[in-house]
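Structure for the following, please:
(chains A and B)
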Amino acid sequence: MSQQILEGLAAIVNEVAGVPVADVQLDKSFIDDLDIDSLSMVEVVIAAEDKWGVKIPDSEVKNLKTVGDAVNFISSNS
Amino acid sequence: MTRQVVITGLGMTTPVGGDVETTWRAILAGKPGIVLIDEPWTHDQPSKIAGIMAIDPASCLAPHEARKLDRSQQAAIVAAREAWADAGAPEIDPDRLGAVVATGMGGLISLINSYDVLLERGASRISPHMVTMIMPNGSAAHVGLEIGARAGVHTPVSACASGAEAVSYAARMIQQGRADVVVAGGTEAVIHPITMAGFAAMRALSTRNDDPAAASRPYDIDRDGFVMGEGAGIMVLESAEFAAARGAKIYGVYGGSGLTSDGHHIAQPDPEGRGAARAIAEALSDAGLSASDIVHVNAHATSTPQGDIAESTAIVGALGSHTENVAVTGTKSMTGHLLGGAGAVESIFTVLALRDRLVPPTANLHNLDPQINLDIVAGVPRPLPAGDIAALNNSFGFGGHDVALVFRSA
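Model prediction:
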């Protein structure tokens, strides 16, 4: 499950920000490692919500510092 | 002593080509890029024809870049990258580098598309990039970011005169010492049912749907309106000293500009062309030249019945008896009308005509309107004389904006 979410998230991050899929790893920080700015992060959240049918509130987005944080949130809420 | 401004880089994407070289070759060959729009939405449109960009600008960008940009911004970035590379990507203190990119309507289509998303999927599905996609200064800001410009990023908005106003604004930034290099031009991409219907409601568009290539025909007695076009033109302007110091190739010299307003009507030209004539006179004066120095005019020439006559009157009014020595062309006969991009694209054509000493023909001119008292180049390109020569580019816009630019040979 987590592996599938990671792959799906990597595809989204690639589409939104042009980051190579292989670079999107669990320990990578969206801001510091993947250079995702706050606007692109909104795009990632919208796409993830649509893909997995989850609701990711703004109050939660600031806690999603790494790709792993996002994978965990999605897998435990979808 | 005013600082001299030279042109050191060119870029464009137009209905006849995805870059400068392809576009200029098509323009010299007199090849129109107007096509029938093959979409269901045109069924009740009076005008079903337009000049669509020959190369989709999104295809020239990485997908993650394209998705954050309105089509007009995509075109501006494509043209700016070409111009910047053409200028040799000058090494410059970012505080001395500016960007001035005009548009007539900004990201209108992105706004309309976003409204569809709002209605169908709700507020939470609006792109976080929507605001920067629709703001009219978006293209200038994106081009400025692309090159790291910090001397100022600006966006003149004066309808179809916008692109020419941008070139003037950029040159003055250099003349006034605010910048040493400015990337400047105009862009537009608003071919959509709503804009086509709006211009058609003004009875401004050609309805020659059965022969798109022949629809834009400035100065011809059978002209019936302008044809919408889309695209962008960008030039790199530079102080002559800075260009010389880095050994830049020089396409031509910016001479001067004249900017006036008609004070006549919101959309119709002054039939006497007084504002336009004053703009030309001011541009000549700004350039320190006289009417006898001008050998070529790239005219605004949109192919509307009234506009072409008013401009002819203005040119004759400003240049007097010297008008007979001036080779005039209307390149919208091939590109269609790029609105906010027109003045920039046509400034580039003017600079290239001076460089190559060759005036491109006006396509589709078969029977000259007897009310036009100009020497219009038609059929084949016309050679220009050797030596120091100068040319004018006219651009006028709804709202009564009149902009004339003078360029000189390098």
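
For the closest residue to chain B within chain A, which non-adjacent residue is closest in space?
For chain A and chain B, the shortest gap (C-beta to the nearest C-beta) falls at A:Gly18, measuring 3.5 Å. Yep, even glycine has a C-beta here, placed from its N, CA and C like the rest. By the measure of C-beta to C-beta, 6 or more residues apart in numbering or on different chains, the closest residue to A:Gly18 outside its immediate chain neighbours is B:His64, 3.5 Å from it.

One more: B:Ile34?
Closest residue in space to B:Ile34, ignoring its immediate chain neighbours: B:Pro212 at 4.5 Å, by C-beta to C-beta, 6+ apart.

Surely that neighbour and B:Gly33 touch.
No: using C-beta atoms under 8 Å, B:Pro212 makes no contact with B:Gly33, being 9.4 Å away.

more crowded one of those two?
A direct count of neighbours by other C-beta atoms under 10 Å in any protein chain shown for B:Pro212 and B:Gly33 places B:Gly33 higher, at 26 against 21.

Now do the SS call for the more buried one.
B:Gly33 falls in the coil class when you classify it by DSSP: H, G, I helix; E, B strand; the rest coil.

quick one: contacts for it?
Listed by C-beta atoms under 8 Å, 6 or more residues apart in numbering or on different chains, the contact set of B:Gly33 reads B:Thr14, B:Pro15, B:Val16, B:Gly17, B:Ala26, B:Gly51, B:Ile52, B:Ala54, B:Gly229, B:Met334, B:Thr335, B:Gly336.

For the second one, grab the count of nearby residues.
Applying the criterion other C-beta under 10 Å, we find 27 residues in the vicinity of B:Pro15.

B:Val227 is in contact with that one, correct?
No: in this structure B:Pro15 lies outside contact range of B:Val227 using C-beta under 8 Å: 9.3 Å.

which residues are common contacts for those two?
Between them, B:Pro15 and B:Val227 share the contacting residues B:Ile34, B:Ala50, B:Gly51, B:Gly336, judged by C-beta under 8 Å, 6+ apart.

Considering those residues, which possesses the most neighbours?
Result: B:Gly336 is most packed of the shared contacts of B:Pro15 and B:Val227 (other C-beta under 10 Å), 33 neighbours.

so how far is B:Ser47 from B:Ile134?
25 Å (C-beta to C-beta, to the nearest Å).

ranges for the helices of chain A?
Using DSSP state H, the helices of chain A run over A:2-17, A:38-52, A:58-61, A:67-77.

Quick one: the ones you listed as TSV, columns for mean neighbour count and mean pLDDT too.
Output for the helices of chain A, formatted as TSV (neighbours: other C-beta atoms under 10 Å in any protein chain shown; pLDDT from 0 to 100):
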stretch	mean neighbour count	mean pLDDT
helix A:2-17	18	96
helix A:38-52	18	96
helix A:58-61	12	95
helix A:67-77	18	96
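
nearest to B:Pro269, of these?
Nearest of the helices of chain A to B:Pro269, taken as C-beta to C-beta: helix A:38-52 at 42.4 Å.

residues in contact with that closest one?
A:5, A:8-9, A:12-13, A:15-17, A:30-31, A:36, A:54-56, A:61, A:70, A:74, A:78, B:124-125, B:127-129.

ok, now stretch A:58-73?
The contact list for stretch A:58-73, computed with C-beta under 8 Å, 6+ apart, reads A:2, A:5-6, A:9-10, A:13, A:24-31, A:34, A:41, A:44-45, A:48, A:54, A:56.

doesn't B:Val183 make contact with B:Glu238?
No: counting by C-beta under 8 Å, B:Glu238 does not reach B:Val183; the two are 9.8 Å apart.

who has more neighbours, the two?
The neighbour count for B:Glu238 versus B:Val183, taken as other C-beta under 10 Å, is higher for B:Val183 (32 against 29).

If anything else comes up later, I'll come back, but that's it for now.
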